[in-house]
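Novice: build the 3D model from these lines:
(chains A, B and C)
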Amino acid sequence: MNTQIEISVKINGKQYSAAAEPRLLLSDFLRHELGLTGTHVGCEHGVCGACTVLLNGEAVRSCLMFAVQADGQDLLTVEGLAAANGDLHPLQAAFREAHALQCGFCTPGFLMSLLPFLQDKPDASEEEIRAALSGNLCRCTGYQNIVKAVKMLLEESNSDPA
Amino acid sequence: MKPAPFKYFAPSTVDEVLALLAEHGFDAKILAGGQSLIPTMNFRLAQPAVLIDINRIENLFFVREEAGELRVGAMTRHRTLERSSTVSRLAPLLTETMPNIAHPQIRNRGTIGGSIAHADPAAELPATMLALRARFKLASASEARWVEASDFFIDLFMTELQPEELLTEIAVPALPKRTGFAFKEIARRHGDYALVGVAVLLAVDEENICTDANLVFMSVGNGPVVGEQAQQALLGKKASAENMDLAAAAAASEDIDPPSDMHASSDFRRHLTKVLLKEALQTAFERAQKA
Amino acid sequence: MATRYFGKPIKRNEDPRLLKGQALFVDDVNLPDMLHVAFVRSDYAHAKIKSIDVSAAREREGVVAVYTAEDLGDYWQPGPLLVPPPPIAGLTFNQKTQVPLAKDRLKHVGEPIAVIVAASRYIAEDAAEDVIVDVEPLEAVADLESALSDEAPVIHEDLDSNLSAHVVQEKGNYAKIRAQADVLIKRRIFYDHGIAAAMENRGIVAHWNAKEQHLKIWDTTQAPIPIQNGLAAMLGLSESQVQVVAPFIGGGFGPKIMMFYPEEVLIPWISMQLQRPVKWIEDRRENFFATTHERSQIHDSEIALTRDGKVLGVQDVFLHDAGAYAPYGLTVPINSQCTLLGPYDVPNYYSEFKAVFTNKTIVTPYRGAGRQHGVFVMERLLDLAAKQLGIDRVEIRRRNYLTPDQFPHDHEIVYQDFAPLVYDSGNYQPALERAAEMIGFHDFIKNDQPAARTAGRHLGIGIVSYVEGTGIGPYEGARIKVDASGKVNVATGIGTQGQGHFTSFAQIVADQLGVTVDNVRVVTGDTCEFHWGTGTFASRGAVVAGNAIHAAAVGVRKKILKHASEHLEAAEADLVLDNGAVHVKGVPQKSVSLGELARISNPLRGAVKPGMEPGLESTDYFGPERGTTASGVHAMIVEVDPDAMMVEIKRFVVVHDCGKVINPMILEGQIHGGVAQGIGNSFYEELVYDEGGQLLNASLMDYLLPTATDVPHIETDHIETPSPLNPLGVKGAGEAGAIPVGALFAQAIEDALSDYDLEILEIPLSPNRLFELVHMQAATKQES
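Specialist: So this is what the prediction gives:
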């Protein structure tokens, strides 16, 4: 039962190989096997969204996948957002600017959920933004400044001449 | 909240799955999207000895039109259905249902087959499938059979699917002319399971006499519940506000016997069923006239 | 001193690390050879333990150790009483505190019975299922009202009943004024508060390094220093051998100020036993049972008024659910008792409560800490009075406010901090007028509401007031040092859980020392950096630690000026601190950087003169004589769909007075978050127990935390009435957003459903509950 399975997975553009027991959750694999502790675990039943990562570009709960299922896939975690020189990703910068985080524990999940949403809906209304955020729980901010950060970012990119 | 150990298989063909099911039967669980199964395993409420992961079986992922019907592979993810123009053309009720299911992060993994096979009475897809008169293809190592949705859902988390069978495909007949549809639900929060939900098909003739009504409720029983008395209140009658009220009243008082739980009492569920059915019938009627 | 930072919305220093996933949380600590822990917990609310069989668990591959109470020997002790009862004459207090592992009796679901230590958490959980606990189930005490009846089973065998405490506080003479009142309104009022549900569950990593004889603990605590000192005593170590680090904490909100949780006591001990690092991370299910709650009170309350709506007095008798043990003493019910008086002039007050043991999780403060309950009672009584007397809801509050000339105002009862309940300052009416104006209270009632009603829509408005005793003692401290690089280090003892202390504290220091905020590095919650202080609770971080940091910064500034005066040969009065350097006024070329001064003050050769200390460093403390009183007004417009009983918040206004504001951006964030938790408490969150004491909704599927679609945009404004009790003039703000929201919901929904003539005397509400209330009311009307 404790057989280990070799997993090869691309995360933030880098190839990782490691062995995992089939029951190991992807969230635990990222955090404890690979040391990518930016992805947080808040509920392990798929409600809080803190563990959200991108699987082949789509947001998924990493607590609701086994690590073995990620074999051969392409993942993006919060560690992959900022530029190589450390500059914040525009979404991260908007969060800071708008004070969209307090304790910061849920923040990686929000960032990862928002990334594909912003691509899908560059002209999202406040209602759509709130609906998109509703799969992630935050206990500190009351969401107001998260909504503000998203709106700021959308306004910025929409006013970009490019 | 870590799952108990299990033996893991990730076959790449349906035949391999069926062979594994034939071997392990009751001890095995199919891992489709995992969005209900894995939380249950994390709570250790489910501890399958064998887990057969069907995420690598490519020919279970498809959405296509076949002989005027919608055909969907069991592993088709909710998000694919939500975004599919084939689905919205042939089964717009399904398209209307999708955004009510949890959140995008869940819909990116969750699958139609998983949801149907799980048969949660609060889930949206079983009700919508029943309303659409869908058929399910159940395959085992020895045979494959098609089962009507109306014969499929048996009881609380119980279906016609046998331990050695795999749900592989869903067929949804296209909507006939002058048939309208509506999906409505009331949930405590955006994305929650519904306190009550309804999925409705309603057909009217040129005189607006109801020629067909298929009304299905969720979260009011041990599975999706068909509103037979409510249908009788409509069939052959004018699709008027009065008759819709009568149908809604019949649904609430005769068709359902909803459970009480911490989120809603039985009485409140009856009340909401009435409210929602009226709204849904009105919407479906308006659409039927244009369809 | 230039105030370039104080009062400004400075972006946070801590954000880049948090945003990049580089901030250290307890579960991120990963040490070589580390072991992992899972607990075997009680499935029963009340039971006798007959036997515990851990043999199969011990034999499982990967299991290193299994402990039960029996294995702990003398280390098995009930936890300390964290807050003894305040000096109130005639009070009864039966001290009962939690134990590390249950020995004979199980007193609530989730109480730990055995600890499994294994190579991984997965294996530890496997082994936890191997443990066989044989019990004799006992009748559970789940209902607050019947818990004190003669028939109720007694939870603590050495007590006569389930009475945890009995307290009476009195001011004036209510009985006498009652006889003279024009109007008496009496009601039974029920208020249930929920759980903090911080996004990060609790966790502890302990590493006993035998060679260094040093115990390092990472703990999700709001109070690292008391944990250090307490654990050192329990483990027989010197305090300096124990280092407690509260790194980044994923939200606290109160339950993380509860100290010496069983897990907190056991994990370090296990690390010493096994000589290996040990980690326990609470999972979400455990969090529902093992992390403290706040729960219900039942109040029988009466208000006496004149016919023009002036309050003559209030009588309030209530029951408080303490849970299975009461390590936090009387803090929560005393907060309810004291905060009930609110911003009002209540000349006569009789308040009596009984705190009651039940077979449920321990109750300790959670954001608001009992204040919600008291505010709800008073605000509801005022609303009922307004209705009965035909007085506008704004007007009845206006008529009863304490006026600015009544401060400091002595309420003649004792507060949770043992000091008399004396409001230091306040100016309530401007906040009320401002909130009413912002939400358009009178226009709404005159125009919008009737127009909506005509169109078949049910809109309602609410407006409520509250005060919050904040920033209580005893004290906090800070040490500030200027490095040779010119960077400034600040160390303080409190923990931080997202309040922005890394920035707001830096702002205070930056202004004193003339440096930029990003050159001030703040360290909180590491006992090796600073080991005096109590913790982050009672909205006291900015008030108590903030003022300690201010005092220490003033001390460093003095040293800087002294050294610079010598170095630059200029009078101190002529020196200006700016841009990381000291300048001589009017002589721009004459300056010295703080880094240079730090080097000069800490020479490698020569002498430090008598009377001087080396370095640019200062340590100072601040201990307020008593808490300072913040206040505010919330107003809200809701729409209720009377078919589905869904409630939509159309507008939400907060006008808040917490004295001087250090960082308005951070302050507003605190208010938003508080309001969101208040909304959760009022309409979404409810701990549902059955009569056997089983919690039926221990998951985030069924315990509903509000999401982005449930919390509205919150409009805020501020009134500044500085506190005279501290040099910065600040008052606490952490809890204020959450406190009056229940009262606001009740009032606004009642108003929206005025056709149905409801009286809402309970929180939480829900669509289902509103449906029931409407139908009960209709049935009552039919009968009469």
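Novice: using PDB, list the CA coordinates for stretch C:536-555.
Specialist: Output of stretch C:536-555 as PDB, limited to C-alpha atoms (Å, rounded to 0.1, in the frame of the first residue of the first chain):
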ATOM      1  CA  THR C 536      -2.100  41.000  21.100                       C
ATOM      2  CA  PHE C 537      -5.600  41.100  22.400                       C
ATOM      3  CA  ALA C 538      -8.400  43.500  23.400                       C
ATOM      4  CA  SER C 539      -7.600  45.800  20.500                       C
ATOM      5  CA  ARG C 540      -4.400  46.900  22.300                       C
ATOM      6  CA  GLY C 541      -1.500  46.500  19.800                       C
ATOM      7  CA  ALA C 542      -1.500  50.100  18.500                       C
ATOM      8  CA  VAL C 543      -2.400  51.500  21.900                       C
ATOM      9  CA  VAL C 544      -0.100  49.700  24.300                       C
ATOM     10  CA  ALA C 545       2.800  48.400  22.100                       C
ATOM     11  CA  GLY C 546       2.400  51.500  19.900                       C
ATOM     12  CA  ASN C 547       3.000  53.800  22.800                       C
ATOM     13  CA  ALA C 548       5.800  51.700  24.100                       C
ATOM     14  CA  ILE C 549       7.500  52.000  20.700                       C
ATOM     15  CA  HIS C 550       6.900  55.700  20.700                       C
ATOM     16  CA  ALA C 551       8.500  56.000  24.100                       C
ATOM     17  CA  ALA C 552      11.500  53.900  23.000                       C
ATOM     18  CA  ALA C 553      11.800  55.900  19.800                       C
ATOM     19  CA  VAL C 554      11.800  59.100  21.900                       C
ATOM     20  CA  GLY C 555      14.600  57.600  23.900                       C
END
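Novice: is that stretch in proximity to chain A?
Specialist: No. Using Cβ under 8 Å from any Cβ of the partner chain, stretch C:536-555 stays clear of chain A, with a minimum separation of 12.0 Å. The way it works is simple: take the backbone N, C-alpha and C, and place the C-beta from them, glycine included.
Novice: now do that stretch, average pLDDT.
Specialist: Averaged across stretch C:536-555, pLDDT comes to 90.
Novice: for stretch C:658-678, same thing?
Specialist: 96.
Novice: next one: it to chain centre, how far?
Specialist: 14 Å (Cα atoms, centre = their mean, to the nearest Å).
Novice: same question, stretch C:632-642
Specialist: Using Cα atoms, centre = their mean, the distance between the centre of stretch C:632-642 and that of its chain works out at 25 Å.
Novice: if you count neighbours, what's buried in that stretch?
Specialist: Residues C:632-640, C:642 are the ones in stretch C:632-642 that count as buried (16 or more other Cβ atoms under 10 Å in any protein chain shown).
Novice: so which of those residues sits lowest on pLDDT?
Specialist: Scoring those by pLDDT puts C:Pro642 last, at 94.
Novice: can you give me the strands for chain A?
Specialist: Here chain A has its strands, by DSSP state E, at A:5-11, A:14-20, A:52-55, A:58-61, A:74-76.
Novice: is the first one up against chain C anywhere?
Specialist: Right, strand A:5-11. No. No part of strand A:5-11 sits close enough to chain C to count as contact by Cβ under 8 Å from any Cβ; the gap is at least 12.2 Å.
Novice: and that strand, what does it pack against?
Specialist: strand A:14-20, strand A:74-76 (3 or more Cβ pairs under 8 Å, 6 or more residues apart in numbering or on different chains; DSSP states H and E).
Novice: ok, residue 24 - contacts?
Specialist: Reading this off chain A. A:33, A:66-68, C:122 (Cβ atoms under 8 Å, 6 or more residues apart in numbering or on different chains).
Novice: to clarify, I was referring to chain C.
Specialist: C:247-248.
Novice: repeat that with 10 Å
Specialist: Residues near C:Leu24 by Cβ atoms under 10 Å, 6 or more residues apart in numbering or on different chains: A:37, C:17, C:218, C:245, C:247-248.
Novice: distance of the residue in chain A that chain B sits nearest to relative to chain C?
Specialist: Proximity of chain A to chain B (Cβ to the nearest Cβ) peaks at A:Gly135, 2.8 Å away. A:Gly135 is 8 Å from chain C, where distance means Cβ to the nearest Cβ, to the nearest Å.
Novice: what is the neighbour count of that residue?
Specialist: Residues lying near A:Gly135 (other Cβ atoms under 10 Å in any protein chain shown) number 26.
Novice: ok, now C:Tyr67?
Specialist: C:Tyr67, neighbours per other Cβ under 10 Å, totals 20.
Novice: partner residues bridging the closest residue to C:Arg295 other than its chain neighbours?
Specialist: Using Cβ to Cβ, 6 or more residues apart in numbering or on different chains and skipping residues adjacent in sequence, the residue nearest C:Arg295 is C:Asp321, 4.5 Å away. With DSSP bridges as the criterion, C:Asp321 is bridged to C:Val356.
Novice: ok, C:Asp321 touching C:Ile298?
Specialist: Yes. At 8.8 Å, C:Asp321 and C:Ile298 qualify as touching, with contact defined as Cβ atoms under 10 Å.
Novice: with respect to burial, which of the helices and strands packed on strand A:5-11 scores highest?
Specialist: The highest average neighbour count among the helices and strands packed on strand A:5-11, using mean count of other Cβ atoms under 10 Å in any protein chain shown, belongs to strand A:74-76 at a mean of 19.
Novice: that strand - contacts with which helices or strands?
Specialist: strand A:5-11, strand A:52-55, helix A:107-120 (3 or more Cβ pairs under 10 Å, 6 or more residues apart in numbering or on different chains; DSSP states H and E).
Novice: format those as CSV; extra columns: mean pLDDT and mean neighbour count.
Specialist: Listed next are the helices and strands packed on strand A:74-76 as CSV, based on pLDDT from 0 to 100; neighbours: other Cβ atoms under 10 Å in any protein chain shown:
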stretch, mean pLDDT, mean neighbour count
strand A:5-11, 97, 17
strand A:52-55, 98, 26
helix A:107-120, 97, 23
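Novice: right, I'll leave it there.
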